[in-house]
Every structure is written in structure tokens, then in C-alpha cells.
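Colleague: Provide a 3D model corresponding to the input given below.
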Amino acid sequence: MGFLRSALSGLATPEKWVEDWMRGGSMNSAGIRVDQDTALTYSPFFAGVRVLSEDLAGLPLFLYERLAPRGKQRANSHPLYALLHDQPNDMMSSAWLREVLTSHAITWGNGIAHVISHPRTGVIEEIWPLRPDRITIGVKRTGPGRFERRYRYDDDVNNIHTVLLPHEVLHISGLGFDGVQGYPIVELAANSIGLGLATEHHGAKVFSNGAAPGGALTHPGALSPEARKRMADDWENIHRGIDRAHRVAVLEEGVTFQQVGVPNDSAQFLETRKLQVTEMSRWLRLPPHKIGDLDRATFSNIEQQQLDYVSSALNVWLVRWEQGILTQLLLKEERQRYYAEFLVDSLLRGDTAARYAAYAIGRQWGWLSANDVRDKENLNPIAGGDDYLVPLNMVPAGRGAPALETAAAARASRMARLLAGRRAVRESLAERWGAKIQASDQEVADLEARKVGALVAEHLTPERGRNRSLAGFLAALQLLYAGDGPVMERLSELWVPLMTMFADDIAVQAAEEVAFEESVDLSVWAQAYALSHASYQVSSSYGQLRNVVEVTEGTPADIAEAIVERLAKWQAERPEQTARWESAQLPNAAARETWKAAGVKSVQWVARGSENCPYCQRLDGAVREIETPFVAKGDEVEGDAEGEALTAKRNTFHPPVHPGCNCEVIPVVE
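Modeller: Below you'll find the model as predicted:
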């Protein structure tokens, strides 16, 4: 047990010439010696081996436990789980082991690892890769009609000679013919690889000769051997090498030069090199674009080529690994309960629009919950996100149509389903975009602190008594917060793209809620919305600073101190408040615009998280035509206490109605 630690692939290897002499290699039709080492120096072959090995290694590998009557869960407590998913031995990660064994299986035909188990319990504790060139695979008869593989490992350098039994190895093989071992692709493809290497060697030699074919020097007379050798040496010294190409030659005594080589274009040098890339794709069952040949790859077919690669070339290796683990690492009595599986979702993911469309179908027809979707998008689950939705008109086969609900019950049922599904998405969008809005307003608050602080230092700080002027400060402040001033300019640059993308996400969800299939473009509306809110915030900031100047009594130094305090308060509190307000208002406003485009006639106010707010409770359940405000400008919403009322400062077509309000509007669809 543990003999492999000193015989890992790539460790404690003998001298290269000894391995070459013992292994031999093969001479092919191109006259190039090809073995597993030299084959990897040929870039198309190396690229193919690398693609398959790295893609397989990069996929998560999990051990699952089957649940009754159906379903599965990750078998985290099984000893094999950590070896397959995390670390199979002290020196390697799971990805590294899979990469090594897969590359061995492709080049040598067999990827073999030593499985080390506890001597008493039999629990697998370590998995180590073995060098394939040191393994001889045989078959031994163990009884009537029964045979077993035997794996003889011979390492003369470390004096290790042993025979491993089937339960002591994990054997991943490629395509084979005898059920014992796989074909070594390098040996089968020796001619193709050799031709490619010969082409590369030829190209290198051409450039070493000055990128020109060979030739002969002809003299009209007879030359002695010494003269011929001297003439050849002189010519080589002048012209050999890429740095000496195209030098002028001076030929004396009737000497002439005659080209005898074939130019590269006549030998179809480039075409041959390109053809060999296609040849390697054929040998390895890879789409040519995976190893750098993009001649037949276009924007319209590259995605389909990728799917074909996953479902054909890569899939068979995934199956070999999964079944190898099932039959070689799991006990016979465990195989009905446990199995290994690669997670290939990351290679099959479409673009954002395609994924969201698929999620929407899954949610609509009831096989995906909000948390199922969030899990696929690598997001944390949310409260209430495990509910599944089903269409009302779908019933199990063989049953009659359900009894018709009353209009009130139908509306209540629809509202419950609508709210359950939309809240998960809305909360996710509000969380994501709210954080970006908060960061943008933090940047603007910091900008205001710097620029207003500079004006305070210039006009109000006692140390600069000569320049102290409250009027000068107010004039400069007005320019700073003007409609074309730096604060408004920066806030607009940040908010217009942010709120446009936020509105686009809301529009997709809002259209799905009312089964509106056409695209709704809110870019113009979102730009106007962002500029309007930016203008309001800039005006509010300017007004607050003017008010600080007016109400602060004392010297300019006292005014300066009050202004600095207000700026610090903005930096500490305003970004979060702005994000909370916009995260509540923009989704409702953008959804209402989407529903208007979809032809929705009415909307309903739904109070959320406002049990203690009398104003929100007064509006809960109210229905208005979509162009009619819930509260008109100047109207009052009564509170709980006598005489308590909230006066609307604007027409309120949707929440929020006050800071902290988290209510929603939903479409009324009959």
C-alpha cells in the first residue's frame, strides 16, 4: 500500500535516452519518429488532448444518493465524495487527477490510478495516478468462465515491481477492441502526427536556410575535393540562416547557382498544415474550432458546434468516468443507492435572454420554483421561494374540469400566485440594482464633499480671511449645483445607464406577468426618469445647503462647520436612503409603463410589510384605472390618530407613498 507515492506521473523518471531506447517509438511514412512524448510537441494534437482533459477536469464531479421514490441528494457523508470532488491524495486536487488520467487515456489508451484502501475497513482513502508506460495489462483466468484483469507495474528506477488486482485500480480507457484496454491513439495516428511534425520540421529548416529552397553551385571546370568543400563552406557562411537571407552573392570563374528544391507554395505547405489540423480533429472527434481552426465557425453555428462537442466528444468521456467510478470504486451493494455524475450545466448555458426565457417556462408550468432558478444562477435561496406554480386550466389526465371558482375567489387565488412568483424576482432585482444605485450615490456624495469642502475652504475658512465672502460662496455653490454643473453631470452619467438596465429587467418580468409576448422598450422613459430624479436630488441638495447657511447663526466659521457636518451626514446616510427609495419606486413605475404598453386597464395597490403604517393600510386593495392616481396631488390620506393625515405632494400612481413604504402595484387582468 502506498508504493505509488514515489512513482507518480512526471516524478522520479529515468533518463530520457533510456526511456526512448526501451520504448522505441515508431517511424512512420513521413520519416518522423512518433511516440507519446513527441506527439505532444505537435500543437494540434496537444490542443485536442488539452481541450478534452481540461474541460472534463473543470466540471464539478459529485457523488449522489438516490432518494425514494425519486430524486437525489449529494452524498456528502460518503468517504468517496471528498476524494472525487475535492482531493484524491495529498498532492493533487480532483481536477488535476481527472486531467492526468484523461490525457493518459487519450494518448496511451489507458488512464490508470492506484486505489489505496484502509487495510481493515476497506474504505478508499487515496487515489494516485500511475505512469501508463510502466504498466502491462493482462487477463488471468480465475475460474470456469471467469477472468480478471491484472495490472503489472514495473519501475526499475525505484525498484518497484508489483501486480495490482482490479479492486486496487481505477481504469479509464478509450476506444478498445478486446474489452481489456483501449487503443493508443498516438500509435494509430502516427502517420498523421508524423506528417504534421514533418511539415513543421520542414518549415523550420526552410527558415534556417533563409526561407529559400536548396540549390547547387556549378563550375565549368574540374574542382579538387578541397576546392569543392571550400566553395560550399563559403556559400553556407554567407547565406545560411534567416538573418543572412537575401545577401548579394558574387560568383567568379563562371560559377552559377541552380535552384533544386521545391518552393513552399508548389508543395502546398500551408494547405498541408491546415489539413493536418482537421486530421487531428477527426482522430479526436473534436469540432475543428476547439483546436483553433475557425474556417467553418460562424456566429450562427458556433453555439451549435459547442453543444455538439459536449453531447458527443466530451460526453463519452464523462460516461466512461461515471461508469468507471460506479463499477470500480463503489461496492456492488452500494451501486443501487449511490452514483457519480458530472455537472455539465455550465457548458450548456445559453445567453441571458435564453436562460431567462427557459426559467419563465419552467416557472409557468410548475417544474421550477424561484429557488430552483436562483440555485441555477448561483444565488442564495429566498424565503417563500420553494413554492411551485401551476396553470389553473391544467388538471391530471382522466379528471373532469374543476368547478368554476367565484370571481372573488379566482382573483384572490391569482393574486396569491402572482405575488408569490413576482416577489422573488423583484427582491432579487432590487437587491442587485439597489446596491449599484447606492454605490453611485456614494460616489456623488463624496464628490459633493470634496467640491463643496473646497468652496468652504476658499470662501469661509478664517485662515483665508482675505477671501472670506459668504456671497462668493453662495454664487460658487449655485454654479456647482446648476443644471449643467459638475454634480448634475456626474449623477446623470451614473444614473441613466443604471436605471435603464434596471427598468429593462423589470419590463421583462412585468410583461411575463400579463402574458405579453412583445418586447417593451423603456429606454426613452428610463432616461427621462433618471434625469428627473437626478435633477430633483441636485435641487434638494442645493436647497439644503442654502438652508444651512440661512439658519446657522454666528460667524462664517460656524456656517462652514455646519455645512461640513451636513456633507458628512450625506456621505454616511444618503446613499442607502436613495437606494432604498429607488429600489421601491422604479420597479413599480417601470412595471406600470410596461402594463400600459401591454394594454392593461387597471392596477391594484398591495400593502407589503406595512402592518403598522396607517397610510399604506388605507390604500391596500384599492383599484384604479392605470392612468388615474391612487392619491391626487393635495389629497390627504388619514392616519390612525384624530387629525393625523398625510398630504400628497404629487400625483401618486404607484408606491411608495412615503419613505419606508415597500408596497406594490399589480395588474388587474380579468
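
Colleague: From now on I want contacts and neighbour counts done on CA atoms only, so please keep to that.
Modeller: Noted.

Colleague: What are the contacting residues of stretch 93-102?
Modeller: Stretch 93-102 has contacts (Cα atoms under 8 Å, 6 or more residues apart in numbering) with 52-54, 56-58, 83-88, 110-113, 128-129, 172.

Colleague: Now, the residues you listed that are in strands?
Modeller: If you go by DSSP state E, these have N110, G111, I112, A113, W128, P129, I172 in strands.

Colleague: residues near the last one, how many?
Modeller: By the other Cα atoms under 10 Å criterion, the neighbourhood of I172 contains 25 residues.

Colleague: Show the contacting residues for it.
Modeller: Neighbouring residues of I172 by Cα under 8 Å, 6+ apart: L101, T102, A105, N110, G111, I112, R320, W321, G324.

Colleague: Now distance to F473 too, for those residues, in JSON lines please.
Modeller: Listed next are the contacts of I172 as JSON lines, based on distance: Cα to Cα, whole Å:
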{"residue": "L101", "distance to F473": "74"}
{"residue": "T102", "distance to F473": "73"}
{"residue": "A105", "distance to F473": "77"}
{"residue": "N110", "distance to F473": "81"}
{"residue": "G111", "distance to F473": "78"}
{"residue": "I112", "distance to F473": "80"}
{"residue": "R320", "distance to F473": "77"}
{"residue": "W321", "distance to F473": "74"}
{"residue": "G324", "distance to F473": "79"}
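
Colleague: ok, and the most crowded of those?
Modeller: Busiest of the contacts of I172 [other Cα under 10 Å] is T102, holding 30 neighbours.

Colleague: mind checking the backbone torsions on it?
Modeller: With angles defined as degrees, to the nearest 10, T102 sits at phi -70, psi -40.

Colleague: what about it, distance to P44?
Modeller: Distance, T102 to P44, using Cα to Cα, to the nearest Å: 17 Å.

Colleague: ok so, going back, which of the ones in strands among the contacts of stretch 93-102 sit farthest apart?
Modeller: N110 and W128 (14.5 Å; Cα to Cα).

Colleague: Could you check how many residues crowd around E627?
Modeller: Counted with other Cα under 10 Å, the neighbours of E627 add up to 12.

Colleague: The nearest residue in space to Y81 that is not next to it in sequence pairs with what?
Modeller: Counting by Cα to Cα, 6 or more residues apart in numbering, Y81 lies nearest to L63, which is 5.5 Å off, once chain neighbours are set aside. Under DSSP bridges, the beta-bridge partners of L63 are A340.

Colleague: which residues touch L63?
Modeller: By Cα under 8 Å, 6+ apart, the contact list for L63 reads R74, A75, N76, L80, Y81, L84, H85, Y338, Y339, A340, E341.

Colleague: Could you grab the helix/strand/coil label for the third one?
Modeller: Following DSSP: H, G, I helix; E, B strand; the rest coil, N76 is assigned to coil.

Colleague: going forward, begin numbering at 21 instead of 1
Modeller: That works, and once the first residue is 21, the last one we named lands at N96.

Colleague: which ones are touching it?
Modeller: L83, A102.

Colleague: How confident is the prediction for it, by pLDDT?
Modeller: pLDDT for N96: 91.

Colleague: Angles on the backbone of it, please.
Modeller: The phi and psi values for N96, taken as degrees, to the nearest 10, are phi -60, psi -30.

Colleague: Kindly report the same for the second one.
Modeller: According to degrees, to the nearest 10, the main-chain angles of A95 amount to phi -90, psi 70.

Colleague: Report the separation between it and W128.
Modeller: 33 Å.

Colleague: More neighbours: the two, which one.
Modeller: A count of neighbours by other Cα under 10 Å puts W128 above the other of A95 and W128, at 22 against 19.

Colleague: Was I right to think the more buried one contacts Q56?
Modeller: Yes - assessed by Cα atoms under 8 Å, W128 is found in contact with Q56 at 7.1 Å.

Colleague: Could you name every residue contacting both of these two?
Modeller: Joint contacts of W128 and Q56 (Cα under 8 Å, 6+ apart) are V206.
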